[in-house]
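Visitor: Could you work out the structure for the sequence below:
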Amino acid sequence: MEFDLIGKDQKLAYKLLAGVVTPRPIAWVTTQNAEGVVNAAPFSFFNVLGTRPPIVGFAPGDKEPGIPKDTARNIRRTGEFVINLVDETTAEAMNLTSAELPEGESEIPFAGLNTEPSVTVTPPRIAESPVALECREWSTLEIGRNRLVIGTVHRLWVRDDVLDPETLLVNRDAFHPIGRMEVPASYCRTRDRFDMPRPE
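Guide: Numbers count the residues shown, from 1 in each chain. Prediction:
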């Protein structure tokens, strides 16, 4: 099968690309509006992009054409956000935060979540998340109707059991992130892993 995603099959791009480019990590982003209300929203067009400096990128779509989602609007105003990672224990709460709530209502109490204060940015992190990245906006690129937020990571929070304290490698028995699979509602667990050393 062949698709012309710039031409006649353009309207299928989301369905096809979000279906086959998997698994994708989930950025559970917390921001704050001008009144201090915490917004929490998940985005699966997300990844770490580099380490010198440490940068991440995620792509929040629009509510409607030309109207950015609250997350993008808050970042435009403050330049700050926190990316919280999602594991099996927080998956259902993450899904709840994707609901469309009335303007000015926080997803945090709606999903039964708690927050902890950040150190380098104003938006708090989600206390139940196993990993959180405090970020400052480096740039937001608008490419057609896409918006790509690139942020520098200023502080990393990791739950005590996630990393081995001596090697700082991930403890596979403690960290069970989930990934986004095909649209509209498929996810995956990451318990089935294997090692494949690079050739020398």
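
Visitor: My guess is residue 59 contacts residue 146. True?
Guide: Yes - using Cβ atoms under 8 Å, residue 59 is in contact with residue 146, at 6.0 Å. To be clear about C-beta, it is placed using only N, CA and C from the backbone, and glycine gets the same treatment.

Visitor: Among the two, which residue is more densely surrounded?
Guide: Taking neighbours as other Cβ atoms under 10 Å, residue 59 and residue 146 compare with residue 59 leading, 17 against 12.

Visitor: May I have the residues that are in contact with the closest residue to that one other than its chain neighbours?
Guide: Leaving aside its sequence neighbours, residue 59 sits nearest to residue 45 (Cβ to Cβ, 6 or more residues apart in numbering; 3.9 Å). By Cβ atoms under 8 Å, 6 or more residues apart in numbering, the contact list for residue 45 reads 18, 24, 58-59.

Visitor: Tell me the one of those residues nearest residue 189?
Guide: residue 24 (14.0 Å; Cβ to Cβ).

Visitor: average pLDDT across the host helix or strand of residue 75?
Guide: According to DSSP states H and E, residue 75 maps onto helix 70-78. For helix 70-78, mean pLDDT is 96.

Visitor: between whatever helix or strand comes next after it and helix 70-78, how many degrees?
Guide: Next along the chain after helix 70-78, taking DSSP H and E as the criterion, comes strand 80-84. Inter-element angle recorded for strand 80-84 and helix 70-78: 140 degrees (by axes from the mean of the first three to the mean of the last three Cα atoms, to 10 degrees).

Visitor: Work out the gap between strand 80-84 and the centre of the chain.
Guide: Distance of strand 80-84 from its chain centroid, counting by Cα atoms, centre = their mean, to the nearest Å, is 8 Å.

Visitor: just checking, what packs against it?
Guide: strand 27-32, helix 70-78, strand 125-126, strand 131-143, strand 146-158 (3 or more Cβ pairs under 8 Å, 6 or more residues apart in numbering; DSSP states H and E).

Visitor: Toward the C-terminus, what is the element adjacent to that strand?
Guide: helix 91-96.

Visitor: who's in contact with that following helix?
Guide: Residues contacting helix 91-96 (Cβ under 8 Å, 6+ apart): 26, 28, 42, 86, 107, 110-113, 128, 178, 187.

Visitor: returning to that earlier point: would you indicate which residues of the helix holding residue 75 are buried?
Guide: Neighbour-count burial for helix 70-78 flags 70-75, 78 (criterion: 16 or more other Cβ atoms under 10 Å).

Visitor: do stretch 146-161 as well
Guide: 147, 149-154, 157.

Visitor: Stretch 58-66 now?
Guide: 58-60.

Visitor: Which of these fall within strands?
Guide: residue 58 (DSSP state E).

Visitor: closest to residue 183 among the buried residues of stretch 58-66?
Guide: residue 59 (14.7 Å).
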